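Undergrad: here are the coordinates; sequence isn't available:
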């Protein structure tokens, strides 16, 4: 973990000031410090409903992505490009914490909530979408600056 944090700090140091972490004094927690946390991003998985709104994230900042499924249909959200542009801290499902190396998608067969915590790393615009959908409301764009 120390190597990952050092790599992130090295990458962030070469970027413009607007692309640095959200605080200067990380303390013992490093990039996971409370002062370095951005706003929670919420996605809604519901049949015929918009997935969410486009968001812009700060490279080097810590975020939580909350995915809420209402159970109206068996739905998933995919975004391999996005998931490879972040460092995943954990996924929490029914109070069970999973620390994965990588994921491509998350699928809900019934109603439930998954909470992903991560650090945004690689700048660019990435898409999270409901697989097989073509509508603009069935995807969101996540820009990392």
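TA: Cool, the structure landed. Source: prediction; values computed, not measured. Numbering: from 1, shown residues only.
Undergrad: which helices and strands does the helix or strand harbouring residue 43 pack with?
TA: Assignment of secondary structure by DSSP states H and E places residue 43 within strand 41-45. The contact analysis (3 or more CB pairs under 8 Å, 6 or more residues apart in numbering; DSSP states H and E) places strand 41-45 against strand 62-69, strand 75-78. Every C-beta, even on glycine, is put in place using the N, C-alpha and C of the backbone.
Undergrad: mind putting those strands in TSV, mean neighbour count included?
TA: Shown next, in TSV, are those (neighbours: other CB atoms under 10 Å):
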stretch	mean neighbour count
strand 62-69	21
strand 75-78	21
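Undergrad: With mean pLDDT added, can I get these in a markdown table?
TA: Output for the helices and strands packed on strand 41-45, formatted as a markdown table (pLDDT from 0 to 100):
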| stretch | mean pLDDT |
| --- | --- |
| strand 62-69 | 96 |
| strand 75-78 | 96 |
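Undergrad: okay, and for this protein, where does confidence drop off?
TA: 1-21, 26-27, 29 (pLDDT under 70).
Undergrad: If we use 50, what do you get?
TA: Counting by pLDDT under 50, the chain has low-confidence residues at 1-7, 10, 14-19.
Undergrad: Geometric centre of it: which residue is closest?
TA: residue 65 (5.0 Å; CA atoms, centre = their mean).
Undergrad: show me what contacts that one?
TA: Shown in contact with residue 65 (CB atoms under 8 Å, 6 or more residues apart in numbering): 40, 41, 42, 43, 115, 116, 117, 118.
Undergrad: which residues does it bridge with?
TA: As for beta bridges, residue 65 partners with residue 41, residue 116 under DSSP bridges.
Undergrad: you'd agree residue 137 is in a helix?
TA: Yes: secondary structure assignment places residue 137 in a helix (DSSP: H, G, I helix; E, B strand; the rest coil).
Undergrad: my guess is it contacts residue 48, does it?
TA: No: using CB atoms under 8 Å, residue 137 and residue 48 do not qualify as a contacting pair, with a distance of 9.1 Å.
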